[in-house]
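>>> Quick one: sequence and predicted model below, then my questions.
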Amino acid sequence: MATVPLLSDEEAPAESRAVFEAIRAARGTDYVNNFWRALAHDPALLRATWERLSAVMGPGALDPLVKEMVYLAISTANGCSYCVHSHTAAARAKGMTSAQHAELLAVIAMASQTNALATALAVPVDARFMEG
């Protein structure tokens, strides 16, 4: 259950409705998901988050599918169920196959395990990894 009500278009402040329209236009859909509806209580935060997300996830050096898969990995590491589901759906929409998803989950699991071991053992970083 959300800690704040999810605002409908009718309930959202005008500034938030404007961001909803930007989301719809950018995504080519009439759907605005729950994350944005929760943020709509704070129009400035909603706008800033949407603008930053649009910039980071927009065209760049990384392929859009790679960006979604990285987002999914970080969301898994951070334990964000909402983001795991949202970005799994987005990655699938960008072409992630079942085999890629399975391999990504294996990489996430392996990294989680080796990160925990390296942290618990306080393994010093090799000097050659510190170069350039």
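Thanks, I have it.
>>> Let me know how buried residue 21 is, in neighbour terms.
Other residues near residue 21 number 12, with proximity taken as other Cβ atoms under 10 Å. Where C-beta positions appear, they are placed from N, C-alpha and C, glycine not excepted.
>>> next one: residue 76
Residue 76 has 20 neighbouring residues, counting by other Cβ under 10 Å.
>>> Dump the C-alpha coordinates for the one helix or strand residue 76 maps to into PDB.
Using DSSP states H and E, residue 76 sits in helix 64-78. Provided in PDB are the C-alpha atoms of helix 64-78 (Å, rounded to 0.1, in the frame of the first residue of the first chain):
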ATOM      1  CA  PRO A  64      18.500   1.700 -24.500                       C
ATOM      2  CA  LEU A  65      18.200  -2.000 -23.600                       C
ATOM      3  CA  VAL A  66      21.500  -1.900 -21.700                       C
ATOM      4  CA  LYS A  67      20.300   1.100 -19.700                       C
ATOM      5  CA  GLU A  68      17.100  -0.800 -18.700                       C
ATOM      6  CA  MET A  69      19.100  -3.900 -17.800                       C
ATOM      7  CA  VAL A  70      21.500  -1.800 -15.600                       C
ATOM      8  CA  TYR A  71      18.500  -0.100 -14.000                       C
ATOM      9  CA  LEU A  72      17.000  -3.500 -13.300                       C
ATOM     10  CA  ALA A  73      20.200  -4.700 -11.800                       C
ATOM     11  CA  ILE A  74      20.500  -1.700  -9.500                       C
ATOM     12  CA  SER A  75      16.800  -1.900  -8.600                       C
ATOM     13  CA  THR A  76      17.300  -5.600  -7.600                       C
ATOM     14  CA  ALA A  77      20.400  -4.700  -5.500                       C
ATOM     15  CA  ASN A  78      18.400  -1.900  -3.800                       C
END
